[in-house]
Every structure is written in C-alpha cells, then in structure tokens.
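*Asks:* I'll drop the sequence and a predicted model, then ask my questions.
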Amino acid sequence: MNAAARPETGYTSDEMMSIAAARALTGGTRCFVGIGLPSTAANLARRTHAPELVLIYESGTLGSKPDRLPASIGDGILAETADSVISVPEVFNYWLQPGRIDVGFLGAAQLDRFGNINTTVIGDDYADPKVRLPGAGGAPEIAGSCREVFVVVRQTRRSFVERVDFVTSVGFGRGPGDRERLGLPGAGPTLVITDLGILRPDPETCELVLSQVHPGVDVDHVRESTGWPLDVSPELTTTEAPTEDELRALRALTTVS
Amino acid sequence: MNAAARPETGYTSDEMMSIAAARALTGGTRCFVGIGLPSTAANLARRTHAPELVLIYESGTLGSKPDRLPASIGDGILAETADSVISVPEVFNYWLQPGRIDVGFLGAAQLDRFGNINTTVIGDDYADPKVRLPGAGGAPEIAGSCREVFVVVRQTRRSFVERVDFVTSVGFGRGPGDRERLGLPGAGPTLVITDLGILRPDPETCELVLSQVHPGVDVDHVRESTGWPLDVSPELTTTEAPTEDELRALRALTTVS
Amino acid sequence: MAEIVSLADAVAELVHDGDTVALEGFTHLIPHAAGHEIIRQGRRDLTLVRMTPDVVYDQLIGAGCARKLVFSWGGNPGVGSLHRFRDAVQHAWPGPLEIEEHSHAGMANRYVAGASGLPFGVLRGYAGTDLPRHTGTIAEITCPFTGERLAAVPALNPDVSIVHAQRADRHGNVQLWGLVGVQKEAVLAASRSLVTVEEVVDELEPVPGQLVLPGWAVSRVAEVPRGAHPSYAQGYYERDNDYYRRWDAISRDRDTFRSWVRETVSGAEVTTA
Amino acid sequence: MAEIVSLADAVAELVHDGDTVALEGFTHLIPHAAGHEIIRQGRRDLTLVRMTPDVVYDQLIGAGCARKLVFSWGGNPGVGSLHRFRDAVQHAWPGPLEIEEHSHAGMANRYVAGASGLPFGVLRGYAGTDLPRHTGTIAEITCPFTGERLAAVPALNPDVSIVHAQRADRHGNVQLWGLVGVQKEAVLAASRSLVTVEEVVDELEPVPGQLVLPGWAVSRVAEVPRGAHPSYAQGYYERDNDYYRRWDAISRDRDTFRSWVRETVSGAEVTTA
C-alpha cells in the first residue's frame, strides 16, 4: 500500500480501492485470485462480509482460508488451509478451462478502453521493449474462461491507455462481438476497480465507462488520469466510504503479513 | 488353476506355466501386470527370485508388494502396499504411454501366429458375435507401448489360431515391419508362455516358433494344440522342471487367496 | 455446496430416462447401491458409460435399464464373463444393446477431455487394432509441430456421473482414498453428479493418498453405508469375493436373474423389450 | 533406482553446456541450491525452462548461464521485477537472452505432453492475445469431431529437470507435499532428472497430500538441507520473504550483483558475452 492515510478521510486511496474491490465479491463466489492487489481484496472480502467465498490460486489450491495475507500466490498458508491441493496443470485444465470459476480477479500494468490487459512489455517493439514486464502467467486463460473478470488497478494516464502495447489478456478485444468470435466463453471484464472509482463496460460499445467515483474524487481528475476520452455514466454514483470495520479488517490483514 | 497335479510329475501344467512365466521376470524389471494369469506369475516372481520386481497395475498402483495373490487387479492390497497410488488416466498417460515400462504381461483369449491378441469377440461378425469377450481393457496400449510383451495363455487349437477373429492388441500385425509402420514403439510379444512350452518370434518372419517345451510335453502334442503349422526351433530346449521352492511359493500364493 | 439428500431422492432428481449415465469406480468404491436404486426406479433407455462394466452394469443391463453401453472392459473381475451383458449382446435380451467400445487408455482420456472442457483427447492408441473399424468415436489427428499421427477420441460428458466415496462433510465436500480410478474426471466431466458416501462427518480428517472434491463441484451427496458392496471401501470393508463368484451362477440363467432382481432390488421387475 | 550422490557430482554429471534445463517448483520447493551449483560450475548456453522464473533464474541469467528462456511469468513474487532478467532482455547484459513466452496454462500443458510421451498438448488458450504473433510454439488445431479450433503447444522435454523435495528414501524414492506445482510433470518429461531433498530417510512415512516419485523414474538424488532456501519447504522451513525483498536491491545494480555472485556462490565470476 503506498501513500499515507489522507487526514481529511482517515484512509488511503489504495485502501478505498481494496475495500471497493472486496465488496464486489459476495456469497459463495468461486474466485480465481491473481497475483498482487486482487489477493488483498479477496482475502479482505472473505474476512468481512463473504466468509463463504471460495479462493482459488493458480499455485494449486481450492478453497484456501488463510488467516493472514499470503506473501505470494504460493504462500504455504494457502496449501495448509485449502480444501484441496492440486497440481498446477490440474488447476488450469480441470478447474479453470471448463468454466467452473465465477470471477477471475486480475491486476494489470496497462489496461485499455476495451478492458484488454497488458502485463508483458511496455513499448512498441516486443523484441526491444522499453520495459520488460513479468509476462502472462495465468492471466490470458483466467480472462478467457472465468464467467466474469474483475480488474483491480491504480488509475493513471500511463496505465489507462487508448490501446495496450501488447494484449496479454483479452478484455473485449476491439469491441462488440470480439469475445464471441474468439470463442472466449466468459463475459469478460465486467468491473474495473481503481483507486479513483469503478468502471463498467457499456453494454453496447463494450467501452469502459466511469460508473462510480470514490468519495472526494473529482470526475475531472478521473478523466485526467485516463488515456482515452473517458465516458461517464449518466447514473454515476459515489462509492460508500470505508466503514470502520472494513478499515480495521484491511489493516489487520496487511499489517500482520 | 485347473487340473490336479499329474501323479508322474507332482505338478500341474498350469503350475508349470505360471512358474515358467515367473522365471521370465528378473531383477528390477518394471512390469505392467494384466488381468488373470499374468498376475499369478508376476507375484510369484516377486516372491521368489525377483524381489526387486516393480509391479504396475492399471488400477493405479506403482510398485505394489502384495503378500497374497490379489483377487483382482484392483484389490485393496495393491494400493496399500504400493510406492505410489495414482489415477487411472495417469497410469496410461504418464507411465505407460511414454515407454517407461519394460514388460507388459498379458493374457489372451485368442492368439495368432504373429502374436496378435483377441479379447473382444469370437466369430466373424462383430455385431453378432459367437462369443462376446470382455474387450480391450488396457491391453492395446500395453501391447503397443511396453518395451516388450510377454503373453501367458493356455495352448489349444481354439486359442492358438492362424488369424485372430478380432485384433484387440497388436503383436506383429501381418509380419515384419508392421509395428514400425503403425508407430508402435515397443518390441512386441517377445515371449509367449503356455502350459505346453514357450514360443518366441522368429527374428526374420515375426512368426511365433516353439523354442522350448515343458518337461514331458511332446512336440507333436504342441503342434496339434496349435491352429497353424507350427515351426519348431532347431535349438529347441526343455524347460527346467519346477523346483520344490517354486512349487511351494506358488501354492502358498494361490491357496491363501 | 452439494446438497445432502437420500439416495432415492437423488436418483429420482438426477437420473432421467434416456440420460447418459456413468457409474465409476475401478474395482474399488463401485456405486452398487446407486445402481440398484436406478433399477428400483425403473429407469429406461440409459446410455451407460463405464470403463469396467462389471457386476453392477450386468445387473442394470439385465434389468433392462440400458439402451447403449460405452465401455472398455466388460467382465466379472477374477471370475469370468458377464452373462447378462453377453445375453444382451448375443441375444438382445431383455432388449438390444448398442455398444461403443474403446480401450482403457481411450476411455480415460475421454473422461479427462470431458473434465477439462475440451472437445477431444489425444493418445497413442488403437493403432493396428480392429477397434477403429467398429467404433465411430476414434479418429486420427496430426501433430501441428511434428506431423506425427495420433489417435483422437471425443470428450465424454455424461448427463450424470455417480461415484462412491468414503466420506463427505456437511458442506458436501467429498473425500476418497485408496484406488481413486477415474472418479474425479467422471464427476467433473458430467453435467450433474451424485456421490454416495459411507458416512457424513463433521470434519474430514486428512488421509494420505486422499482426493478431495469440493462440495461446489458436486450436485448431490447421499449417505449410503456399504453403498459399494460387494466391491470394497478402503478403511471400511473388504471386497466380497464370494458375491462375485455367486453372481456367476445367478446371472447365467434369465429366470434366476429375474428372481434375484425381484427379491434383492425390492420388487423391481425385468421387462423385455 | 535413483543413485544418491552429492549435489556437485549430480550437476557435473547431468547438466552440460548447451542443455535445455528446467528447474521447477511453484513458489514452494524451488531448487535454489542446485541453481547456485550450476552457476558455480560455470555452465553456459543453457536453454532455461521454468513457468515462473523468479530469483533463482534471475541469478542464473545474471551469471551468464543462459542463452534462452522459456517461461510464462518472470517476476519477483510479492516484490516486483527481476532486474537481471530485465537487463538481459532490455540491454543484453551479460549477453543476449532469447525468450520463448507462453501462458501458465500453455507451459503446464507443454510439460503434461512431455510427461505423457505426446508431441503436443491442446488447450483453450491464447485466443486474441498477442502471444502467438511472437511465440512460434503456438499453433491452431481443429477438433476432428466438432470442428472447433483450439490452441496446440509442443511438448517440453528438457534434457534435465531439477526439482527439490522434502524427502527421499535410500532407494531414491522421492516424497514431496504441500504445493506440488508441475514438478512431477517436469521430472517425467525430462531425459535426465535430479531431485535435491531436505533429507534422506530410511522409510517414507505417508503424509496427506503427498506425491511420490518412484526411484526408477529419477536419475539422481542429492541430499541438500535447506536446498530450497529462500523459498520454503513445507514441514521444514518458512519462506525467507526478506531475502526476496533484499534481492531487489542486490539485483538492481550490475556490480552489486557481481559481488553477490562472487561472495555467495563461492568464487563464481560473471563473464559478459
């Protein structure tokens, strides 16, 4: 978590992001938890309003119930508390690929207006990149096969771009009908949770539209932090501020680790 | 085991067959044990001269060390005494298919002069068979992928035929070069052990030739018990009679079960 | 979370006439009680899928539940032939039985493909055998990298798969151990699934060699102690080898078999087609 | 039966310049000590294969052992980037590094195909991504039954695979538990294999969730206590999260990294190409 709590609110924008992301996970949702920010949010949800949440990690755990934030997606606590520990090929072949997972929870280095994700290279030349990123990991197939995808990512002009330099994981491709043409069974990125607000795809154009701002965040600031002309939903709402309970649970989780 | 011990020898022809088959398994051979007669022989070998023998059963056990004869290839004793218990798909995909097994040990309802095995139907019409047999089981891929195949089968004119009614598992097909053409990596049936003697493929013609008779068995009797004009090796030998130890071990094994 | 219900309710709800139904269990943990319940409820026109149709499928076939059998080895393990299966194939009694015949490796890979959400599986198999001449569901496929030719088989995706396990907890999480066969694949490949268990417990104590199926991947769980008899449940009871031997005599004769159904599967009747 | 030898002897015997080498372990049981031994013995021109090249591969790449990297995710888990990996890709230091990039699902299926003796694996993957434009080892394949198009990837068959496990017995039977990753597949896919273990014991006591590799499927076993450090070995020691954080600073600077190699991997030198 970067940045100290803003004195006027008592929480950081990262904390707001994690709490907003956690709130999106409810009931017994089967959630494939990607590396990074998603793990914080998913664990927070399970520790607060969604104790039945089923956490699935690509390292081979079904139904992990860690009592602290795992230091990585392969933390021992995930195996020790899982309903079932399986091999990595089994995770992808028997559990992810057939569409058994409700929500794929992903981070991103770059995200574009159609929700495509880049975690591979920054720059136009794959062979000679400006910045070499970690690569695909499980994300392409998580983005393809989960019933829906939630993305958690900090919103800046650098990360929210007109078009990603490299499509590591497909959102809506170049627009309506692309997922169907590609044979991707899931609904794609239905929710993008940032430190500034929440974006949802327009059902007609598949373009990400600002549907919610976090408390105290100005819409113009969100626009300035977006690398394409951002549409704002006419029904724009404001996120409910973090409750004391949510903040306490989040801080307990992130401090212990 | 059918038939009582012949008074003149003190053992039955089935006992001779099992003992001859057991002798063919030596050292740390990895042996894929088919259903029926092979299991008796493989377990006898492990209990006598080949304690390091690695027994693999299609039910999912690697390195079973049963202290009694398993009642079936899925007997609990096989799992309880195994080095590793694995799923049935894993047996075939990770262990059999890549050629990790030295010897596939099979039975047969019908066997032909090129060592092809039928365990599917007796009669010319698959759709309306004279006798419906159990079918393939693991045998086709055992016969294809093991480095060599040993067949244990009682020798009669009905079971040893010119050409099998149905090729369930390939021996040498129609003759030299067929296994290579079919892409079968193993050497095929290098040894056929019967209640009368032992047959081996002629290296030139791939036809099964009588290379050994059991004690007291007349070559003419073997010829009469074979459904094709049986060639006899010029170096025909006679099997060593069962030792007291072998008989004792075999009977201990088969009586307990 | 899998709902825990009675065996009768589970079969009534999950298994319909005309369904493709797989009962799996490789020698170990064969769901016999569920098979009997299917006979008792008089299901018809089933496509029965099973790698090793043994006594329980002989019973289902003999009782007239099946229209078709998809399999790789049909025998009475350690004893000999299946007489009801033979009678159906050789004499269409109690009705004709269509068969679709594979090898174990082929069937196992069909379940794996089904569990993996793939339309087909690939193996080194069937080459040179007569199976492809009679089984439509075996094709050739070429490796796009090496040009090598291999066998392809279509995924198996039963309407219902039924397996037996040692234990489940109250959330329907299922635990089995010992020979685990192809049970996980069969359950995951199916649209609906039923797991009968020896007992429902509060807590699943870990056991070496265990396989755990999360409750959310199973439709229904039914507590059926000795539900695998005459096969065995490791840690609970041994295989009843006598039963398998006795079955040979019971099944040889149609009338003896009819009486067995009437007396043992409480009042079910065999109707001939 | 796998022969039990010293780590130095095992690496000298099994790993040759120019080999394709896979070190596997998904966060858990990463064979760090074996990686350091490869650096110490100065192996060159290796094609390094690993789903998650993390710190140990950063070290091997930085030390100039690698010609090529086959991978699906290269980062310092929980920390950030791999600076030696980045420096090699972005600035060809200490030499150029060819990359062959897949997704986890693709890599996992490549190992599965390799372990299964098949030339390729099939998956629903890569569709719509830019990976197939840059990675030659992704092809399309058509289902012979449904006509559906899927992705195919070629088998991975390393010359040597190296994994770490908790225990082996004196016959070289290997036992591991906890997250088992893709280790079994990596070992079975390789021509030769080395398993480093925390300890060699007389008897492998069964452990829930265990995976056992028979000694006859492994080439060499070497006893290397703490051989997975700074990753962890469930039941033996925890992950050294500080090491991963410290690695960020050590690896950022070429000279700091050089000193680390010299001091930590006892006298090995980085040679630039």
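*Replies:* The structure has been received and is ready for your questions.
*Asks:* next, the closest residue to A:Gly28 other than its chain neighbours: phi, psi?
*Replies:* Spatial nearest neighbour of A:Gly28, chain neighbours left out: A:Glu52 (4.3 Å); criterion: C-beta to C-beta, 6 or more residues apart in numbering or on different chains. For the C-beta atoms, the positions are set from N, CA and C on the backbone; glycine is no exception. Note on A:Glu52: backbone dihedrals following degrees, to the nearest 10 are phi -90, psi 0.
*Asks:* helix, strand or coil for the nearest residue to A:Gly171 once chain neighbours are set aside?
*Replies:* On the basis of C-beta to C-beta, 6+ apart, the spatially nearest residue to A:Gly171 that is not a chain neighbour turns out to be A:Gly115, at 2.6 Å. Local secondary structure at A:Gly115 is given as coil here, using DSSP: H, G, I helix; E, B strand; the rest coil.
*Asks:* now the strands for chain C?
*Replies:* C:3-5, C:20-23, C:46-50, C:66-71, C:98-101, C:120-123, C:139-142, C:149-154, C:160-169, C:174-176, C:192-201, C:211-213, C:220-223 (DSSP state E).
*Asks:* wait, doesn't the residue nearest to A:Gly171 sit right on A:Leu208?
*Replies:* Yes - under the contact definition of C-beta atoms under 8 Å, A:Gly115 touches A:Leu208, with a separation of 5.8 Å.
*Asks:* now do the shared contacts for those two.
*Replies:* Common neighbours of A:Gly115 and A:Leu208, counting by C-beta atoms under 8 Å, 6 or more residues apart in numbering or on different chains, are A:189, A:192, A:201.
*Asks:* if I pick the residue lying closest to the first one once chain neighbours are set aside, what's in contact with it?
*Replies:* Right, the one you point to is A:Pro189. In space, not counting the residues next to it along the chain, A:Pro189 is nearest to A:Gly115; the distance is 3.7 Å by C-beta to C-beta, 6+ apart. For A:Gly115, the set of contacting residues under the criterion of C-beta under 8 Å, 6+ apart consists of A:149, A:151, A:171-172, A:188-189, A:192, A:201, A:206, A:208.
*Asks:* now the two most distant members of the residues you listed.
*Replies:* When the contacts of A:Gly115 are compared pair by pair using C-beta to C-beta, the two farthest from each other are A:Val151 and A:Cys206, 14.2 Å apart.
*Asks:* so between the two, which is more surrounded?
*Replies:* Looking at A:Val151 and A:Cys206 with other C-beta atoms under 10 Å in any protein chain shown, you find the greater number of neighbours at A:Val151, namely 27 against 22.
*Asks:* doesn't the more buried one belong to a strand?
*Replies:* Yes - per three-state DSSP, A:Val151 lies within a strand segment.
*Asks:* quick one, what contacts it?
*Replies:* Applying C-beta under 8 Å, 6+ apart, one finds that A:Val151 lies in contact with A:106-108, A:111, A:115, A:117, A:189, A:191-193.
*Asks:* tell me how far A:Leu69 lies from D:Asn241.
*Replies:* Applying C-beta to C-beta, to the nearest Å, one obtains 12 Å for the distance of A:Leu69 from D:Asn241.
*Asks:* who has more neighbours, these two?
*Replies:* Neighbours were counted for A:Leu69 and for D:Asn241 using other C-beta under 10 Å; A:Leu69 has more, 20 against 17.
*Asks:* quick one: pLDDT of the more buried one?
*Replies:* In the predicted model, A:Leu69 carries a pLDDT score of 88.
*Asks:* my guess is it meets A:Ser39, correct?
*Replies:* Yes - the pair A:Leu69 and A:Ser39 passes the contact test of C-beta under 8 Å, sitting 7.0 Å apart.
*Asks:* for the residue of chain A found nearest chain D, what are its contacts?
*Replies:* With distances taken as C-beta to the nearest C-beta, chain A approaches chain D most closely at A:Gly74, which sits 2.2 Å away. Contacts of A:Gly74 were listed using C-beta under 8 Å, 6+ apart, and they are A:57, A:59, D:26-28, D:77, D:179.
*Asks:* in contact with A:Gly76, which residues?
*Replies:* Counting by C-beta under 8 Å, 6+ apart, A:Gly76 touches D:28, D:178-179, D:232, D:234, D:238-239.
*Asks:* and what of C:Glu223?
*Replies:* The neighbours of C:Glu223, taking C-beta under 8 Å, 6+ apart as the test, are C:4, C:168, C:196-200.
*Asks:* let's see it at 10 Å
*Replies:* By C-beta atoms under 10 Å, 6 or more residues apart in numbering or on different chains, the contact set of C:Glu223 is C:4-7, C:167-168, C:196-201.
*Asks:* just to revisit the earlier point, can you tell me how far the residue nearest to A:Gly171 sits from chain B?
*Replies:* Distance, A:Gly115 to chain B, using C-beta to the nearest C-beta, to the nearest Å: 36 Å.
*Asks:* how close does that residue sit to chain C?
*Replies:* When C-beta to the nearest C-beta is applied, the distance between A:Gly115 and chain C equals 23 Å.
*Asks:* quick check: pLDDT value at that residue.
*Replies:* What the model reports as pLDDT for A:Gly115 is 98.
*Asks:* look at the closest residue to A:Leu250 other than its chain neighbours and say how many residues are nearby.
*Replies:* Nearest in space to A:Leu250, with sequence neighbours left out and distances taken as C-beta to C-beta, 6+ apart, is A:Leu44 at 5.3 Å. For A:Leu44, the count of nearby residues is 25 (other C-beta under 10 Å).
*Asks:* so A:Leu44 sits in a helix?
*Replies:* Yes - when classified by three-state DSSP, A:Leu44 is found to be part of a helix.
*Asks:* how far away is it from C:Gly35?
*Replies:* Plainly put, A:Leu44 is 47 Å away from C:Gly35 if you go by C-beta to C-beta.
*Asks:* and chain C, which residues reach chain A?
*Replies:* Proximity of chain C to chain A is assessed by C-beta under 10 Å from any C-beta of the partner chain, with C:1, C:112-118, C:157, C:169, C:171, C:173-175, C:184-185, C:188-189, C:204, C:210-217 identified as the residues in range.
*Asks:* residue of chain C nearest chain B, please.
*Replies:* Relative to chain B, the nearest point of chain C is C:Thr27 (2.1 Å; C-beta to the nearest C-beta).
*Asks:* the residue nearest to A:Gly28 contacts A:Thr29, correct?
*Replies:* Yes - A:Glu52 lies in contact with A:Thr29 (C-beta atoms under 10 Å); the separation is 8.3 Å.
*Asks:* who's more crowded, those two?
*Replies:* Under the criterion of other C-beta under 10 Å, the comparison of A:Glu52 against A:Thr29 puts A:Thr29 first, with 20 against 12.
*Asks:* surely the more buried one touches A:Asp102?
*Replies:* Yes - between A:Thr29 and A:Asp102 a contact is recorded at 4.8 Å, counting by C-beta under 10 Å.
*Asks:* joint contacts of those two?
*Replies:* Residues touching both A:Thr29 and A:Asp102 comprise A:53-54, A:147-148, with contact defined as C-beta under 10 Å, 6+ apart.
*Asks:* what about chain C, any weak spots by pLDDT?
*Replies:* C:267-273 (pLDDT under 70).
*Asks:* tell me who's in contact with the residue nearest to the spatial centre of chain C.
*Replies:* When chain C is reduced to its mean C-alpha position, the nearest residue by C-alpha atoms, centre = their mean turns out to be C:Leu23, at 2.0 Å. Residues in contact with C:Leu23 (C-beta under 10 Å, 6+ apart) are C:30-32, C:34-35, C:38, C:48-50, C:53, C:56-57, C:60, C:158, C:160-164, C:186, C:194.
*Asks:* figure out the length between the terminal residues of stretch A:101-119.
*Replies:* Distance between the boundary residues of stretch A:101-119 (C-alpha to C-alpha, to the nearest Å) amounts to 22 Å.
*Asks:* next: stretch A:198-208.
*Replies:* In terms of C-alpha to C-alpha, the two terminal residues of stretch A:198-208 are separated by 10 Å.
*Asks:* and A:Ala139, what are its phi and psi?
*Replies:* Main-chain dihedrals, A:Ala139, degrees, to the nearest 10: phi -60, psi -40.
*Asks:* please consider this matter closed, and thank you.
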